[in-house]
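[1] Provide a 3D model corresponding to the input given below.
(chains A and B)
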Number of protein chains: 2
Amino acid sequence: MLSEANIINQLKMAFPNYIGDDAAVLPFSKTEHYVITKDLLIESVHFNCHYYDPVSLANKCLQVNLSDLAAMGATPRYIVLGLSIPSHYQDTLPIFLNAFTTACQRANVELIGGDTTRSPDKLFISVTAIGTANIQQIKYRTGAKPGDVLCVAGSLGYAHLGLQALEANTEGLTLFKDHFLNPSARIAEGRWLAAQKGVTAMMDLSDGLLIDTERLCQCSQVAGIIDCDTFLPSKEFDSACKALACTPLNAQLTGGEDYSLLITMTPTTYHDLNTTFQAQFGYPLTKIGLIEKGDGVILMQHQQRLSREAFKPFSQFGELS
Amino acid sequence: MLSEANIINQLKMAFPNYIGDDAAVLPFSKTEHYVITKDLLIESVHFNCHYYDPVSLANKCLQVNLSDLAAMGATPRYIVLGLSIPSHYQDTLPIFLNAFTTACQRANVELIGGDTTRSPDKLFISVTAIGTANIQQIKYRTGAKPGDVLCVAGSLGYAHLGLQALEANTEGLTLFKDHFLNPSARIAEGRWLAAQKGVTAMMDLSDGLLIDTERLCQCSQVAGIIDCDTFLPSKEFDSACKALACTPLNAQLTGGEDYSLLITMTPTTYHDLNTTFQAQFGYPLTKIGLIEKGDGVILMQHQQRLSREAFKPFSQFGELS
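    Residues are numbered from 1 along each chain as shown, chains lettered A, B, ... in the order given. Have a look, this model is predicted:
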């Protein structure tokens, strides 16, 4: 069986110029590039219709794509929508389409085309999002340097707990379910961070902190040290983990779909950037580790090195771009 | 139930600026536009894996998208690939990916990104293709004028007969099966036609001549007169129709996936364009009708008007762009 990493590697070997970041970059004007990304959402793989109302689902399809643009520091502009619609979703479809329209209008993006077909049984959604980004400011996964600080803007593991609660039909845990059902791309944060010279690399956290940090480090040819002591789960997070029979650290390291931003920045800029970021966006750039020479990701807790093997990813996602 | 035409209309009302052509057009440089399209191919809707070998399937996924670019007169440049892979296709996947890579390289397009996920049971393929086209030459569906000649470059109904033969497991009929399994986008023809001033509108024939002519006429706010006496089915076509229990005219008017080009041009230019086209590409621009004032499509045979209702489309496709 070909793993998703293998698929990506096979295609990357044939087409080395573009594949490897949150989104691909195409020439546009002297000052701006186009940035283009595609994410699939498949019923029974990424969601189930019995807990996903069409309004939230339509918004999520858009937001997960906008999040890839945010991670490059781009401003979203255009959307191409592919829908394969099973008979069980036909009556719900007008609500979904209305909601998708509204979500696009709110995000100030224009639907420019797409394709619709029937589906044998599952709802398949394929969204392509196109943005524009300042050539000088656009951020890639390749820019992290030894000595940089590793930061996260946003939550870790919340969406995963929400998904687990929804799949298990667990009552309550609304905060976590909402993180999964109604994510918001951090567009403003991405643009602001991209404009800061001290920021060296950026990507969005769709598949989980550990696997995504590994990807960033691989692209930058550096090692990442994640300091697990910096994760301070709230009481609410702890009790959600208990209810769902998982450990907080596992959820934080491997839970996907938070659509937080993973950022590296020069150590001298961290303090000031964090202060300004917090003042502007109302939450911190949480420092969770460091970049060093080498490769791979090392997990540290209580000055002990943790085994990477204990933390397997939950997600089946795999981005080419 | 919301039909595909209704879906497109609902979205077009909200986003009137782009939707309605084979592909959407985005600004690029002073001389060129980007042209972008997305087509879905779904197992058990558009194909079945028992008759579709992965090499042909990979090529078709690419060609159907390139055909949309051809219809705008664009040169294909970039591809974004979305794949949702069921367990039954895992062993075949490396062959598919190799073939897709080769097909891209042959078409001189670069794979720039995408997304891969597992699928519950069906293979789901979403390709986004991006080309560039000369701003002055790019052709739309909106340019047909009363008095124009309606032409087709390529076959009509062949792919449909091939699909019917494959689905019914009919032996022989290789020519028709090959039309369905291995279509080629008419890129060179599209570019050449787009550069001709006499060509007023163009689109590709993916869903069948009748429905696609209706779409072109609707976009141009004109009526189309299709002269069915111009269709001269070969003996081979006639006998394939007999074997598959359908009438030649029905297959020619409603069979989809030929990826021929539908073109309108000024009447004074037809003769010369056809002569040069035939010399260059080895087959004619078949004149199949006229454009008049009004709306809708009128079918004429032996000086009689045929009922539109007798010819229902087979296809479930519906392009937004």
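
[2] C-alpha only now, for contacts and for neighbours.
    OK.

[3] which residues of chain A fall in helices?
    A:4-14, A:54-71, A:93-106, A:158-167, A:174-181, A:187-194, A:209-220, A:235-243, A:248-254, A:267-281 (DSSP state H).

[4] what packs against the fourth one?
    This points to helix A:158-167. helix A:174-181, helix A:235-243, helix A:248-254 (3 or more Cα pairs under 8 Å, 6 or more residues apart in numbering or on different chains; DSSP states H and E).

[5] give the contact list for A:I112.
    A:78-80, B:15, B:17-19, B:24, B:320-321 (Cα atoms under 8 Å, 6 or more residues apart in numbering or on different chains).

[6] Turn those into TSV, including pLDDT and distance to B:T128.
    Formatted as TSV, the contacts of A:I112 follow (pLDDT from 0 to 100; distance: Cα to Cα, whole Å):
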residue	pLDDT	distance to B:T128
A:Y78	97	13
A:I79	97	11
A:V80	96	9
B:F15	89	19
B:N17	79	20
B:Y18	78	16
B:I19	80	15
B:A24	92	11
B:L320	49	13
B:S321	42	11
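
[7] got a winner among those residues for most neighbours?
    B:L320 (30 neighbours; other Cα atoms under 10 Å in any protein chain shown).

[8] does whichever residue of the stretch 51-200 of chain A sits closest to chain B have beta-bridge partners, and which?
    In the stretch 51-200 of chain A, the residue that lies nearest chain B is A:G113 (3.7 Å; Cα to the nearest Cα). Beta-bridge partners for A:G113, by DSSP bridges, are A:V80.

[9] confidence score at the residue nearest to A:L175 when sequence neighbours are not counted?
    Once flanking residues are discounted, A:L175 sits nearest to A:G162: 7.6 Å by Cα to Cα, 6 or more residues apart in numbering or on different chains. Looking at A:G162, its pLDDT stands at 96.

[10] cool, and A:G208?
    For A:G208, the pLDDT comes out at 95.

[11] number of nearby residues for it?
    A:G208: 27 neighbours (other Cα under 10 Å).

[12] which residues touch it?
    A:G208 touches A:156-157, A:252-258, A:313, A:315, counting by Cα under 8 Å, 6+ apart.

[13] Closest one of those to chain B?
    A:S315 (9.4 Å).

[14] Kindly state the pLDDT recorded for that closest one?
    48.

[15] mind checking the end-to-end distance for stretch A:230-239?
    In stretch A:230-239, first residue to last residue: 19 Å (Cα to Cα, to the nearest Å).

[16] buried residues in it?
    Using 16 or more other Cα atoms under 10 Å in any protein chain shown as the burial criterion, the residues of stretch A:230-239 that qualify are A:231, A:237-238.

[17] try stretch A:181-197
    Going by 16+ other Cα under 10 Å, stretch A:181-197 has these buried residues: A:181-187, A:189-195.

[18] Likewise for stretch A:105-112?
    A:107, A:109-112.

[19] Farthest pair within those residues?
    Distances among these were taken as Cα to Cα; the most separated pair is A:A107 and A:I112, at 14.3 Å.

[20] Stretch A:121-141 and chain B in contact?
    Yes. Residues of stretch A:121-141 are located near chain B by Cα under 8 Å from any Cα of the partner chain, namely A:124, A:126, A:128.

[21] Thank you kindly, that will do.
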